[in-house]
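Asker: Give me coordinates for this.
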Amino acid sequence: MIVLKRINNNAVLCVDSAGHRVVALGKGLAQARVGEKLDLDLIDHTFYDVEPRYVELMRDLDLECLETSTQIVDVARGMLTHSLSPNIEIAMADHLQFAIQRMREHIYLSAPLAYDLQQNYPLEYKIAQWSLALVKRELGVTLPNNEISGIAMCLINGAHGPSESRAGGTAEQQDVLLEQIVEIVEANMGVSVDREGFGFARFATHVQYLLRRVMSGEAIASENSDMYAMAAADNQVASSCVNAIAALIAHTCSQALTDEEKLYLILHINRICSHPSSSANDRRPEANR
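Answerer: Residues are numbered from 1 along each chain as shown. Next up is the predicted model:
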């Protein structure tokens, strides 16, 4: 394989002898050089057919999270009867890294659909349960049990193919709502969101998770009202943006967002607006970074 591009010290984009683009991952790839043949002994994992925006996302991911994600997805591919997206290892690693960040910042979100997920997607839920033990062993982090739902949702959303149905509303309904939400973010936050960028891919995954919960009609209990009030006060522009999104969802889905859901949105809006794939057209208040 020939190295086409360096992603970071642990990952490079290559082309194999058949002309296929491959992302190679390994601890020894810091010595790889663009244009040169890659030493295969340095490679720990390879990923084929990864979308360009997910390739770029790898720049921000810890090698340990990627390796743990790969183990989770390897088990999932062996147990699930349907195929999974070639991007899922990267999406899962991003989910794990953000979950660890939230935990360290003492931000805990409830999992209102845990029972439904366990009943409707028992295999994905079982893999997610096992994943918590793996994360503890490999990363030395004990994630709360509510992260089982998040990992399970990552596997469910990673079902390969645009025609896969989504629980709680059709794919078309969710896609329309997602675009409307992104337009609200752009208008309120003064950014231009690159729909082909990895910031959008990350944001879209979490918004789809939110919409799935809302469209299910479940009553979503909130235990983070005080935390939301603090976040809203510290991030007034993002909070105003979230209120506009909440109004859209209430009008479309006939269900109000709880303070916990609003807190979650503030976190993700700050992420997408602080990332290079979203370029500011206007000022971005320091409080919203």
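
Asker: got the CA coordinates for stretch 24-32 in PDB?
Answerer: Extracted in PDB, the C-alpha atoms of stretch 24-32 (Å, rounded to 0.1, in the frame of the first residue of the first chain):
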ATOM      1  CA  ALA A  24      -4.500   2.200   8.200                       C
ATOM      2  CA  LEU A  25      -4.300   2.500  12.000                       C
ATOM      3  CA  GLY A  26      -1.300   1.600  14.100                       C
ATOM      4  CA  LYS A  27       1.000   3.000  16.900                       C
ATOM      5  CA  GLY A  28       4.000   2.900  14.600                       C
ATOM      6  CA  LEU A  29       2.700   4.900  11.700                       C
ATOM      7  CA  ALA A  30       4.300   8.200  12.900                       C
ATOM      8  CA  GLN A  31       7.200   7.200  10.600                       C
ATOM      9  CA  ALA A  32       5.100   6.600   7.500                       C
END
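
Asker: Which residues does that stretch contact?
Answerer: For stretch 24-32, contacts defined as C-beta atoms under 8 Å, 6 or more residues apart in numbering pick out 1, 3, 6, 9-14, 38-39, 41-47, 63, 66-67, 70. Just so you know, the C-beta spots here come from the backbone N, C-alpha and C atoms, and that holds for glycine as well.

Asker: Out of these, which end up buried?
Answerer: Neighbour counting with 16 or more other C-beta atoms under 10 Å marks 1, 3, 10-14, 38, 42-43, 45, 47, 63, 66-67, 70 as buried within these.

Asker: So which of those are in helices?
Answerer: 63, 66-67, 70 (DSSP state H).

Asker: would you turn those residues into CSV with distance to residue 233?
Answerer: Shown next, in CSV, are those (distance: C-beta to C-beta, whole Å):
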residue, distance to residue 233
63, 37
66, 36
67, 39
70, 40
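
Asker: biggest separation within these, which pair?
Answerer: Farthest apart among these by C-beta to C-beta are 63 and 70. That separation is 10.5 Å.

Asker: Select from the buried ones among the contacts of stretch 24-32 every entry located in strands.
Answerer: 3, 11-14, 45, 47 (DSSP state E).

Asker: so what's residue 64 up against?
Answerer: 138-139.

Asker: Tell me where the model's unsure across the stretch 51-200 of the chain.
Answerer: Of all residues in the stretch 51-200 of the chain, those with pLDDT under 70 make up the ranges 109-113, 115, 160-171, 198.

Asker: Would you map the strands across it?
Answerer: Remark: strands assigned in the stretch 51-200 of the chain by DSSP state E, counting those that start in this stretch are 191-193.

Asker: how long is stretch 6-17 end to end?
Answerer: For stretch 6-17, the first and last residues are 19 Å from each other (C-alpha to C-alpha, to the nearest Å).

Asker: er, stretch 140-158 actually
Answerer: 26 Å.

Asker: Same check on stretch 103-122?
Answerer: Length of stretch 103-122, first residue to last, C-alpha to C-alpha: 25 Å.

Asker: same thing with stretch 14-23?
Answerer: Terminal-residue distance, stretch 14-23 (C-alpha to C-alpha): 6 Å.

Asker: neighbouring contacts of it?
Answerer: Contacts of stretch 14-23 (C-beta under 8 Å, 6+ apart): 1-4, 7, 11-13, 24, 38, 46-50, 55, 58.

Asker: Just the buried residues of stretch 51-65, please?
Answerer: 53-58, 61, 63-65.

Asker: Near residue 49, how many other residues are there?
Answerer: The local packing of residue 49 (other C-beta atoms under 10 Å) involves 11 other residues.

Asker: my guess is it meets residue 85, correct?
Answerer: No. Checked against C-beta atoms under 8 Å, the pair residue 49 and residue 85 is beyond contact range at 9.0 Å.

Asker: Pretty sure residue 6 sits against residue 36.
Answerer: No. Look at residue 6 against residue 36 with C-beta under 8 Å: they stay out of range, at 11.3 Å.

Asker: ok, so of the ones in helices among the buried ones among the contacts of stretch 24-32, who is nearest residue 180?
Answerer: residue 66 (32.5 Å).

Asker: Could you look up the SS state of residue 239?
Answerer: helix (DSSP: H, G, I helix; E, B strand; the rest coil).

Asker: Could you double-check that it sits in contact with residue 231?
Answerer: Yes. At 7.4 Å, residue 239 counts as touching residue 231 under the criterion of C-beta under 8 Å.

Asker: what do those two both touch?
Answerer: residue 266.
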